[in-house]
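Engineer: Pasting the sequence and the predicted model now:
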Amino acid sequence: MKLGYHIGYWSSGPPEGALEAIRAAEELGFDSVWTAEGYGSDALTPLAWWGASTSRVTLGTNIVQMSARTPTATAMAAMTLDHLSGGRFVLGLGASGPQVVEGWYGQPYPRPLARTREYVDIVRKVVAREEPVTHSGRQYQLPLPGGTGLGKPLKSTVHPLRKHIPIYLAAEGPKNVALSAEICDGWLPLFFAPRTDGFYRAALEEGFARRAEPAKDFEVAASVPVIVHDDVEEAANLIKPALALYIGGMGAKDVNFHHDVFARMGYEEVADKVQDLYLGGHKAEATAAIPTRLVEDTALIGPPAKIRDELAAWEESVVTTLLVRGDAATLRTVADVLS
């Protein structure tokens with residue numbers, strides 16, 4: 001199983017020691033480095049800036065939010081970064097949720113699967129550069145009908161370094177996971193648990209069955225917290241606040257995809273309680289309501305021997321890469337334990 005370093009998105013500013021950690025990841029033999037965006041820092045600029053200090057690792061976005069850019073703008077950025085990195089770029093895309101899409105970007109959220117399908121199709125056309133790009137869909141139209149009437153199909157002035165840049169899709173629900181297998185080169189799961197492997201394996205197989213050609217080297221790069229600590233409870237307590245935020249506060253009461261992941265995992269009552277507490281302003285109580293076993297299902301925590309023992313279940317799952325976080329020292333510790 002490969003290791004990747006996930007920088008994540010920024011909070012109030014750039015994460016301290018990020019460049020040192022990226023360099024350490026490459027020195028330690030990590031396969032990839034990933035950036036993200038929410039509604040603050042973007043994913044592309046840090047990847048280009050810090051990625052310039054690397055020479056080997058794959059550089060990926062986990063994720064670029066589709067509503068933030070038109071498909072052609074995203075394709076332009078992908079081709080640019082692919083050239084600058086010498087063919088090391090992976091484009092990770094995601095639909096995000098209605099709060100961000102409609103509240104931050106001012107874009108419509110309905111029909112995210114259909115929008116994703118069209119978006120990926122346009123990006124593929126731009127990168128392939130086989131002909132001027134046209135698209136007549138329900139979500140996107142190129143050239144735009146109406147307007148001045150002067151729009152015309154265009155082909156990128158830049159010749160791509162690679163005519164096929166890998167695209168991974170961030171997905172949590174079964175239909176979206178299946179879509180990643182059908183039209184993309186990889187899947188970026190969040191809150192994956194090895195004991196739910198069969199559920200996601202079936203969703204992926206459904207998508208693979210719809211492909212015109214068999215998938216080659218399909219990757220599953222899962223964000224997995226790894227905390228090496230003698231005390232399992234203390235390690236779990238470091239992760240619970242973030243889980244409370246995602247389960248309870250990332251989305252509306254009736255539209256929270258992260259909540260739904262844990263409900264499908266068998267923690268519906270826990271997820272409901274955490275959400276009620278969090279949305280009610282009781283963040284500490286929401287955090288305390290998360291059982292350690294839930295953390296252990298989706299993370300590798302505890303003494304080295306425990307982590308190594310539990311790693312076997314991850315290696316037997318559909319996951320091909322573990323994306324871990326932390327500073328340079330943490331990455332060295334994790335690499336030592338997981339090697």
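Structural biologist: Okay, I see it. Residues are numbered from 1 along each chain as shown.
Engineer: what about the strands in the stretch 151-300 of the chain?
Structural biologist: Applying DSSP state E, counting those that start in this stretch to the stretch 151-300 of the chain gives strands spanning 167-170, 186-188, 219-223, 226-228, 300-302.
Engineer: And these: which comes nearest Ala128?
Structural biologist: For Ala128, the closest of these is strand 167-170, at 12.3 Å, according to C-beta to C-beta. From N, CA and C alone the C-beta is placed, and that goes for glycine too.
Engineer: Within its sheet, name the partner strands of that closest one and how each one runs.
Structural biologist: If you go by DSSP bridges, strand 167-170 pairs up with strand 89-94 (parallel), strand 186-188 (parallel).
Engineer: Check these for me and report the most buried one.
Structural biologist: With neighbours defined as mean count of other C-beta atoms under 10 Å, those peak in mean count at strand 186-188, which reaches a mean of 27.
Engineer: still on that earlier bit, show me the one of the strands paired with strand 167-170 that comes nearest Met76.
Structural biologist: Nearest to Met76 among those is strand 89-94 (11.4 Å), distances taken as C-beta to C-beta.
Engineer: Residues in a beta bridge with Trp187, which ones?
Structural biologist: Here Trp187 sits in beta bridges with Leu169, Val220, as judged by DSSP bridges.
Engineer: May I see the buried residues of the one helix or strand Val101 maps to?
Structural biologist: Under the criterion of DSSP states H and E, Val101 resides in helix 98-103. For helix 98-103, the neighbour count (16 or more other C-beta atoms under 10 Å) marks Pro98, Val100, Val101 as buried.
Engineer: quick one: secondary structure of the residue lying closest to the first one once chain neighbours are set aside?
Structural biologist: Across the structure, with C-beta to C-beta, 6 or more residues apart in numbering as the measure, the residue nearest Pro98 apart from its sequence neighbours is Tyr109 (4.0 Å). Following DSSP: H, G, I helix; E, B strand; the rest coil, the label given to Tyr109 is coil.
Engineer: ok, back up a step: how about a markdown table for the strands of the stretch 151-300 of the chain, with mean pLDDT and distance to Asp121 added?
Structural biologist: Shown next, in a markdown table, are those (pLDDT from 0 to 100; distance: least, C-beta to C-beta, whole Å):
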| stretch | mean pLDDT | distance to Asp121 |
| --- | --- | --- |
| strand 167-170 | 98 | 11 |
| strand 186-188 | 98 | 17 |
| strand 219-223 | 98 | 20 |
| strand 226-228 | 95 | 36 |
| strand 300-302 | 96 | 37 |
